[in-house]
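1. dropping the sequence and predicted coords here.
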Amino acid sequence: MNSPEGALVPVGIPARLVRASWSLLAVLTVASLAGTAMSPLLLVKAPLLLVALSPDSRHVALAAGRVDPVLLMSVTVLRRSLYSIGVYGLGAAYGDLAVNWIEARARRLGKALRALERLFARVGAVLLLALPFLSVCVLAGASRTRLIVFLPALVLGHFLWVFTTVWLGTRFAAEAQAVVDFFAERLFESTLVCVALVAGYQFFTRRRPAAPP
């Protein structure tokens, strides 16, 4: 994970906090990539571990019929919140520079982020209840939203999204089990394909130049 180009730690922000945020995000990003690459194997053999590594909605929904829902929701909310806190820390450290950096690398995402920024300016941390997304966490950090306000809104927002995902997953548990059975019958092949797809995606995205300003 690359830091905003040319960014320096702003005055008043402890360097240890910035390093801790980058380290946390790096570890969790590697875990997510590993979980996604090994998702067929983990889905069949260790669905809760899959969610702990890569808490994507598709993984949570597929695991919902095979894992205790309370445990599944707890692990997913905690895992997502940890990454969000890391992003919040970087937003607090780099402020508007973080938004400018995103705009330079992905113009469409940058425009959406500016729209969210205007909305966040009006409603504040309440926006996290509906949209506990990383982009909003960046804005919360950049606007120096107090941690005591940010954390409850973030956790509740993640809980609402995870609860909905788990509920849908249990409603369609039979369909999810069919997917698990499909992977179980082709465990080596499907895992190998996922590993190749994740590796290929990382290779091409890292070689792709940033969008021009």
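-> Now that the structure is in, tell me what you want to look at.

2. helix or strand with the lowest mean pLDDT in the chain?
-> Taking mean pLDDT, DSSP states H and E as the measure, the chain has helix 96-105 as its least confident helix or strand, at a mean of 71.

3. ranges for the strands of the protein?
-> All residues of the chain lie outside strands when identified by DSSP state E.

4. any idea which residue of it is furthest from its center?
-> residue 185 (29.8 Å; Cα atoms, centre = their mean).

5. that one and residue 157, how far apart?
-> 38 Å (Cβ to Cβ, to the nearest Å). The C-beta positions use only the backbone N, C-alpha and C, and glycine is treated the same way.

6. which residues sit against stretch 168-185?
-> Stretch 168-185 has contacts (Cβ atoms under 8 Å, 6 or more residues apart in numbering) with 40, 43-44, 60-66, 69, 190.

7. now that stretch: buried residues?
-> 169, 172-173, 176, 180, 183 (16 or more other Cβ atoms under 10 Å).

8. and if you look at stretch 195-204?
-> 195, 198.

9. same thing with stretch 188-195?
-> For stretch 188-195, using 16+ other Cβ under 10 Å, the buried residues are 190-191, 194-195.

10. average pLDDT across stretch 62-76?
-> The average pLDDT for stretch 62-76 rounds to 96.

11. show me where the protein has helices.
-> Using DSSP state H, the helices of the chain run over residues 15-37, 39-45, 47-53, 57-63, 69-94, 96-105, 107-123, 127-130, 134-142, 147-171, 173-185, 187-207.

12. so residue 18 makes contact with residue 98?
-> No. Residue 18 is beyond contact range of residue 98, at 11.4 Å (criterion: Cβ atoms under 8 Å).

13. what do the two both touch?
-> The contact lists of residue 18 and residue 98 share residue 90, where a contact means Cβ under 8 Å, 6+ apart.

14. next, the distance between the ends of stretch 90-100.
-> By Cα to Cα, to the nearest Å, the extent of stretch 90-100 from end to end equals 13 Å.
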